[in-house]
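> need coordinates for the below:
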Amino acid sequence: MYERKIPLSLHCGLDLIGEVLYGKWKIRLLWFINEGFHRPSELQRKIPDASRRVLHIQLNELEKHELIAKTIYPVIPPKVEYRLTEFGKTLIPVVADLGQWGDKNAERLREVILK
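You can find the predicted model right below:
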């Protein structure tokens, strides 16, 4: 069983948001679900660099943190869809602002990342 090496530090808002959004694909998953991509296969196509396993893990974590909800339809083969919760919808303006900041500073960010 997994055991944390570093104890959780949840003393401020930045610690909390880091714990909830830590993961390479979580912000993109939230954004794409908001944009109307609800099925796991659709999300996989939108983020082809991510493995199914990692996307599944990060979707489960987003669900655990009550940012998304999963609906399983009782059909064969099983059909699963994700949607943002009301709580998750409150994060979308923040994600949009981060994306705009990234677009505005894209050239500089690429330079410093590729140093």
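> and the pLDDT for residue 52?
Reading off the confidence values, residue 52 has pLDDT 94.
> who touches it in this structure?
40, 44 (Cβ atoms under 8 Å, 6 or more residues apart in numbering). (C-beta placed from N, C-alpha, C; glycine too.)
> check what pLDDT the residue nearest the centre of the chain gets.
In the chain, the residue lying closest to the centroid (Cα atoms, centre = their mean) is residue 26, at 1.8 Å. pLDDT recorded at residue 26 is 97.
> for residue 96, same thing?
pLDDT, residue 96: 96.
> residue contacts, it?
Here residue 96 is in contact with no residue (Cβ under 8 Å, 6+ apart).
> what helix or strand is it on?
helix 92-104 (DSSP states H and E).
> buried ones in that helix?
Residues of helix 92-104 classed as buried: residue 95 (neighbour count, 16 or more other Cβ atoms under 10 Å).
> averaged pLDDT, whatever helix or strand comes next after it. What do you get?
Downstream of helix 92-104, the next assigned helix or strand under DSSP H and E is helix 106-113. The average pLDDT within helix 106-113 is 94.
> extract the C-alpha trace of the helix holding residue 96 and format it as CSV.
Only the C-alpha atoms of helix 92-104 are listed here, as CSV (Å, rounded to 0.1, in the frame of the first residue of the first chain):
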residue,chain,number,x,y,z
ILE,A,92,-13.0,27.0,-14.5
PRO,A,93,-12.6,30.9,-14.4
VAL,A,94,-9.3,30.3,-12.6
VAL,A,95,-8.1,27.8,-15.2
ALA,A,96,-9.2,30.2,-18.0
ASP,A,97,-7.1,33.0,-16.4
LEU,A,98,-4.1,30.7,-16.1
GLY,A,99,-4.5,29.7,-19.7
GLN,A,100,-4.7,33.4,-20.8
TRP,A,101,-1.6,34.2,-18.8
GLY,A,102,0.2,31.3,-20.4
ASP,A,103,-0.9,32.5,-23.9
LYS,A,104,0.2,36.1,-23.2
